[in-house]
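Student: Provided below for reference: sequence and predicted model.
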Amino acid sequence: MPDIPWSTPTAPAPDAEVYVMASRFETDTLTGALRFFLKAPGIIAQIRKAPGAHGVALRARVLRRTFLTLSAWEDRDALYRFARSEPHRSSSRAAAAYMRESAFTFWTVPAGELPLTWAEAERRLAERKQGH
C-alpha cells in the first residue's frame, strides 16, 4: 500500500523549535487495518488544515497491520488541540476497539531539520519501547 509522503501545511519560522510526534499502531485484524487505512486520508487532510501543523506523513503496512505516523507542530498545545478535534477524536476512540498496540514518542527539533525521516521516527519509537 502506498504511503502518504511528508507534506508541510504551514512552514515554521526558520529559527523555530518544532514539537514532533511519531506513532506506531498495530491492529488486531486485517479488517481493522483496512478500517484504519480508509480513515487515514481524512485525518491527514484534517492535519493539513490544523492550526500549528508544520508537517505530516503516514507509512502504511496494511498487510502487516502496522502504521507509522510522523507529524511536526508549532508546540505541544497545537498537537493536543488537533487530537481533541473532530474527526480525529471520534476516529481514535473507534480505532481503540481493533487496536492491538499503540506507541507514541515526542521530541523537539530545529525547524531546519524538517522534513524528518522514517529512520529517525523508528529509532525513537524503538528506544521508547526499550524504556530509554
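Tutor: It's in. Residues are numbered from 1 along each chain as shown.
Student: element containing the residue nearest the centre of the chain?
Tutor: The centroid of the chain falls nearest to Thr69 when counting by C-alpha atoms, centre = their mean (3.0 Å). Using DSSP states H and E, the element containing Thr69 is strand 66-73.
Student: and that strand, what other elements does it pack with?
Tutor: Contacts defined by 3 or more C-beta pairs under 8 Å, 6 or more residues apart in numbering; DSSP states H and E place strand 66-73 against strand 17-27, helix 30-49, strand 53-61, helix 76-84, helix 118-130. Bear in mind the C-beta positions are built from the backbone N, C-alpha and C, glycine included.
Student: Buried residues in the third one, which are they?
Tutor: Applying a neighbour-count criterion of 16 or more other C-beta atoms under 10 Å, the buried positions in strand 53-61 are 53-60.
Student: mind showing which ranges of the protein have poor pLDDT?
Tutor: For the chain, residues meeting the criterion pLDDT under 70 lie at 1, 131-132.
Student: In it, which residue sits furthest out from the middle?
Tutor: Centroid-distance maximum for the chain: Asp15 at 23.2 Å, with C-alpha atoms, centre = their mean.
Student: SS state for it?
Tutor: coil (DSSP: H, G, I helix; E, B strand; the rest coil).
Student: ok, for it, nearest residue in space, not its chain neighbours?
Tutor: Take Asp15 and drop its neighbours on the chain: the residue closest to it by C-beta to C-beta, 6 or more residues apart in numbering is Ala111, 7.1 Å away.
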